[in-house]
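Visitor: Provided below are the primary sequence and the corresponding predicted coordinates.
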Amino acid sequence: MGLQNLADLLFKRGRLEPAIEAMEQGLATYRRVLGNESTYVAGGLNTLAVLLRNSERYEEAEAAFQEALELRTRLLEPNHPSVARTASNLAVVKMELGEFPQARKLLGQALDILQQGLGPHHPSVVPSLLKLGELKLRQEKGAEAKEAYQQALDLARQALGPEHPHAASAMLGLGRVELQRGNPQQAEDSIREALAIRQVRLAEGHWKLAEAKSWLGQSLVGQQRFAEAESWLLEGRNDLAAARGEQHSATRAADERLEKLYLASSRSLRPTP
């Protein structure tokens, strides 16, 4: 377990590539000592896949999650929570690869296992609801996205407390739904609440805190509060670049929000013909 613990520590310190290398070594050791048909191998594959996903190496993450899911399905009960969590993780990768039907099927599988095995009000259900909300948001199915995020928020508040990071993620999701619907003022309220929770629960510079700042800026652009928006957008963008790298998709998305700000503000300053 030593190399897996090292990989976790490196990941938490933002050293993603060394974490991947450590986990690859750990996984090779598991295979050599225990053979391929081992729950330790399945767990190592799942951890490695999470690291690969965070590094945006989606095809490699997909293969690792798929192997972990097949192993856990064989070695554990088909309705074991670990099977559900791996299916839910694989769904995120499918989402990133644009394979939305497969992602929906995996999330349905995960939610069925968790809700039937642990109960519909168990806190372990929340992450899969959040992922379902993200999927529906990407598909521009606003009503279904809002429903999933609201369920996640209600359950997080009930089971984990109103200041839990999952509650913040649900609030941010609801704000993004309102942005997609063209309601920036309603979006601002939800995003500010999410930001307030993350400011308490996360260290300054954390990428999830930076993400919330950037989305808050976007909500202010929609209200033509350009100076305030620029401050949040720049701060969020710079923190994302520091935490995730200049080429990460989250940083590039923050750059696009800044571009939208400058385009919108330049239009507002043009003289009326």
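Guide: Perfect, thanks for sending it. Residues are numbered from 1 along each chain as shown.
Visitor: looking at this structure, which helix or strand does the model trust least?
Guide: Sorting the helices and strands of the chain by mean pLDDT, DSSP states H and E puts helix 2-12 at the bottom, at a mean of 76.
Visitor: Name all residues that make contact with Gly182.
Guide: Gly222 (C-beta atoms under 8 Å, 6 or more residues apart in numbering). Bear in mind the C-beta positions are built from the backbone N, C-alpha and C, glycine included.
Visitor: Checking it next. Helix, strand or coil?
Guide: coil (DSSP: H, G, I helix; E, B strand; the rest coil).
Visitor: show me where pLDDT drops low in this protein?
Guide: In the predicted model, the chain carries pLDDT under 70 at residues 1, 267-273.
Visitor: rewinding a little: and the least confident helix or strand of the chain, what other elements does it pack with?
Guide: helix 16-34, helix 39-54 (3 or more C-beta pairs under 8 Å, 6 or more residues apart in numbering; DSSP states H and E).
Visitor: Out of those, flag the one nearest Gly108.
Guide: Among the helices and strands packed on helix 2-12, helix 39-54 comes nearest to Gly108, with 19.7 Å by C-beta to C-beta.
Visitor: Just the CA trace of the helix or strand following the closest one, in CSV.
Guide: Once the chain leaves helix 39-54, the next helix or strand it forms, by DSSP states H and E, is helix 58-75. C-alpha atoms of helix 58-75 as CSV (Å, rounded to 0.1, in the frame of the first residue of the first chain):
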residue,chain,number,x,y,z
TYR,A,58,-8.9,10.2,-21.1
GLU,A,59,-8.3,7.2,-23.3
GLU,A,60,-5.9,5.7,-20.8
ALA,A,61,-8.2,6.5,-17.9
GLU,A,62,-11.1,4.9,-19.8
ALA,A,63,-9.1,1.6,-20.2
ALA,A,64,-8.1,1.6,-16.5
PHE,A,65,-11.6,2.3,-15.3
GLN,A,66,-13.0,-0.3,-17.6
GLU,A,67,-10.6,-3.0,-16.3
ALA,A,68,-11.3,-2.0,-12.7
LEU,A,69,-15.1,-2.2,-13.3
GLU,A,70,-14.8,-5.6,-14.8
LEU,A,71,-12.6,-6.9,-12.0
ARG,A,72,-14.8,-5.5,-9.2
THR,A,73,-17.9,-6.9,-10.9
ARG,A,74,-16.3,-10.4,-10.9
LEU,A,75,-14.7,-10.3,-7.5
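Visitor: quick one, helix 58-75 and helix 16-34 angle?
Guide: With axes from the mean of the first three to the mean of the last three C-alpha atoms, to 10 degrees defining the directions, helix 58-75 sits at 30 degrees from helix 16-34.
Visitor: if you compare the helices and strands packed on helix 2-12, which one is most tucked away?
Guide: Across the helices and strands packed on helix 2-12, averaging neighbours per residue (mean count of other C-beta atoms under 10 Å) puts helix 39-54 on top, at a mean of 22.
Visitor: so it versus helix 2-12, what angle?
Guide: With the same axes, to 10 degrees applied, the angle from helix 39-54 to helix 2-12 works out at 20 degrees.
Visitor: Domain-wise, how is the protein divided?
Guide: 1-120, 129-195, 202-273 (automatic domain parsing).
Visitor: Quick check: which of those is buried the most?
Guide: Highest mean neighbour count among those (mean count of other C-beta under 10 Å): domain 129-195, with a mean of 20.
Visitor: Let me know the distance separating the residue nearest the centre of the chain from Ala253.
Guide: For the chain, Lys131 is the residue whose C-alpha lies nearest the centre (C-alpha atoms, centre = their mean; 7.3 Å). Distance, Lys131 to Ala253, using C-beta to C-beta, to the nearest Å: 18 Å.
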